[in-house]
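Turn this into a structure:
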Amino acid sequence: MNDEFYMRLALEAAWEFQGRTYPNPAVGCMICSQHGEILAIQAHQKAGEAHAEVRAVQAALERLNPTLDFPQNPTELHAFLLSNHQNLLKDACVYVTLEPCNHYGTTPPCALLLEALHVRRVCIGMRDENSKASGGMARLTKAGIAVRQGVLEKECALLLAPFLAWQRGHFSFFKLAMSNNGVIDGGIVTSEASRKRVHELRQYLSLLAIGGNTVRADRPTLDARLCKGKAPDVLIYSRETQFDQSIPLFHVKKRKVTIASSWEPLLQSPFVMVEGGEGTLRALPKETTWLLVFRSPHFKVGKGVRLERRFVKVWQSACGEDTMEWYRCE
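As a prediction, the model looks like this:
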C-alpha cells in the first residue's frame with residue numbers, strides 16, 4: 001500500500017462532507033502507524049468544529065488508549081491532545097488532502113499539533129495558497145518531519161475547487177434526484193437518507209434557487225426540517241412573477257424569497273444549490289458547472305433527463321440505498 005492508497009482514503013472521507021463545511025473547505029486526514037496499520041480516517045465536518053487532523057489524532061489516540069476522556073470543544077480538544085498524546089503517535093505517517101493550517105483561527109494550528117506528536121512523515125495533497133493559513137509545510141519541515149507534497153494533487157484540487165470558488169464569490173451546483181434509469185419526475189424518487197442529506201446541505205446555503213414551474217407543480221416548503229436546520233433564502237427563477245401565496249415556501253419564518261427572470265441574484269451569492277426540472281437544468285447559467293445527483297437503485301416509468309453539457313463524475317458514495325454522485329462540467 002503506497003502513499004496514493006492512503007491519500008485516497010482521506011479523500012473519500014472528505015467528500016462525504018463536501019458543502020457541509022461551508023465556508024470552510026472539505027478536508028480529509030488519514031493516520032497510519034510506522035508499520036502501515038491504519039489508525040484513523042477522519043474529515044472536517046462543520047465550520048467551527050475540529051479540523052480533519054485534530055479529529056484524526058483523536059480517533060487514533062482513542063484506538064491506542066481507550067481510557068482517554070476527550071473534551072468536545074475543539075480548542076479544548078486541541079490543548080488536550082497536545083498534553084495527553086503520550087507519544088503514542090511517534091513516527092506515525094499522516095496523510096492530509098490540504099496543507100495543515102499554521103495560524104490561530106477558530107481553532108489552533110494543526111501544524112503545531114502534528115509537530116508536537118513527533119510524527120515521522122506528513123503527505124499533503126494540495127498546498128494551501130491562503131497566506132493567512134499557509135506555512136504548515138514549512139513548520140513541519142523545520143521540525144525535522146519528512147514532508148511530501150502533491151500526492152494525488154489533481155484529485156485533491158477537485159475536492160478543494162468548490163471552496164476556492166465560493167472564496168472568490170460564487171459557487172453553485174444543480175441537485176438532481178433520479179431513478180436508476182434517469183427519470184426525475186413522478187413524486188418522491190429517492191430514499192429518506194438522500195432527502196435528509198439534501199436538507200443537511202440546505203442549512204448551509206447562502207441561497208436556494210428553484211424553477212418557477214417546479215414551485216407551481218410541487219408546492220414545496222424547501223426547508224431543512226429533516227435535520228432541524230435553518231431554512232435557506234429562496235430565489236424563484238421565473239418569467240411569471242405571480243405565485244399562489246399559499247405555497248408553503250412563502251410561509252417559512254426568517255426567509256427572504258426573491259422572484260427573478262434572470263440568474264443575477266444567483267451569481268451574486270457565494271454558495272447556491274439549484275433545484276428544479278429539466279427546463280431549469282437547461283436554463284442554468286454557464287457559471288453553474290457542478291451537479292449533485294442522488295440516484296435511486298429503482299427503475300421508474302417516465303422520461304429520462306437529457307443534458308446539453310458534458311458532465312464527468314468526480315466522486316460517488318452510498319447514501320442509504322441510493323448513490324450520491326458529484327459531477328463537474330468539462
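
all contacts plus neighbour counts: C-alpha atoms, from now on.
Fine.

Helices of this structure, residue ranges please.
For the chain, the helices defined by DSSP state H occupy 3-15, 52-64, 74-84, 110-117, 136-142, 153-168, 192-202, 212-218, 264-267, 278-282.

ok, and for stretch 168-186, which residues are buried?
170-185 (16 or more other C-alpha atoms under 10 Å).

what's the spacing between the nearest residue to Leu113 once chain neighbours are set aside and Leu140?
Spatial nearest neighbour of Leu113, chain neighbours left out: Leu82 (6.3 Å); criterion: C-alpha to C-alpha, 6 or more residues apart in numbering. Distance, Leu82 to Leu140, using C-alpha to C-alpha, to the nearest Å: 16 Å.

Those two: who's more crowded?
Neighbour totals were compared for Leu82 and Leu140, and Leu140 leads with 23 against 17 (other C-alpha atoms under 10 Å).

Need the pLDDT of the more buried one.
Listed pLDDT for Leu140 reads 96.

Can you name the residues that contact it?
Neighbouring residues of Leu140 by C-alpha atoms under 8 Å, 6 or more residues apart in numbering: Ala111, Leu114, Glu115, Ala146, Val147.

Kindly recompute the last result at 10 Å.
Counting by C-alpha atoms under 10 Å, 6 or more residues apart in numbering, Leu140 makes contact with 100, 102, 111-112, 114-116, 118-119, 121-122, 146-147.

next one: Ala92
By C-alpha under 10 Å, 6+ apart, the contact set of Ala92 is 31-39, 114, 117-122.

any idea how far it lies from Leu98?
Counting by C-alpha to C-alpha, the gap from Ala92 to Leu98 is 18 Å.

try Phe70
Using C-alpha to C-alpha, Phe70 is found at 25 Å from Leu98.

Check Val189 too.
Distance, Val189 to Leu98, by C-alpha to C-alpha: 36 Å.

With neighbour numbers in mind, choose between those two.
Leu98 (28 against 23).

Quick one: residues contacting the residue lying closest to that one once chain neighbours are set aside.
Nearest residue to Leu98, sequence neighbours excluded (C-alpha to C-alpha, 6+ apart): Met126, at 4.7 Å. By C-alpha under 10 Å, 6+ apart, the contact set of Met126 is 96-100, 149-157, 159-160.

do His78 as well
His78 is in contact with 50-51, 54-55, 57-58, 70-72, 107-110, 112-113, counting by C-alpha under 10 Å, 6+ apart.

Among the residues you listed, which one has the most neighbours?
His51 (29 neighbours).

Where does the prediction get shaky in the stretch 51-200 of the chain?
Low-confidence segments of the stretch 51-200 of the chain, defined by pLDDT under 70: 131, 133.

try 50 this time
By pLDDT under 50, the stretch 51-200 of the chain has no low-scoring segment.

hang on, the earlier thing: for the contacts of His78, which one is nearest Ala224?
Ala50 (23.5 Å; C-alpha to C-alpha).

Please report the distance of the residue nearest to that closest one when sequence neighbours are not counted from Gln86.
Spatial nearest neighbour of Ala50, excluding adjacent residues (C-alpha to C-alpha, 6+ apart): Pro74 at 4.9 Å. Using C-alpha to C-alpha, Pro74 is found at 19 Å from Gln86.

can you check Ala10 too?
Ala10 is 24 Å from Gln86, by C-alpha to C-alpha.

next one: Glu62
Separation of Glu62 from Gln86 (C-alpha to C-alpha): 12 Å.

ok, these two, which is more surrounded?
More crowded of Glu62 and Gln86, by other C-alpha under 10 Å: Glu62, with 16 against 12.

How about that one, nearest residue that isn't a chain neighbour?
Of all residues not flanking Glu62 in the chain, Leu68 sits nearest, at 6.7 Å (C-alpha to C-alpha, 6+ apart).

quick one on the thing from earlier: and the helices of the chain as CSV, adding distance to Glu325?
Formatted as CSV, the helices of the chain follow (distance: least, C-alpha to C-alpha, whole Å):
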stretch, distance to Glu325
helix 3-15, 10
helix 52-64, 22
helix 74-84, 30
helix 110-117, 30
helix 136-142, 32
helix 153-168, 13
helix 192-202, 11
helix 212-218, 22
helix 264-267, 23
helix 278-282, 17
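
isn't Lys196 right next to Arg225, touching?
Yes: with contact defined as C-alpha atoms under 10 Å, Lys196 reaches Arg225; the gap is 8.6 Å.
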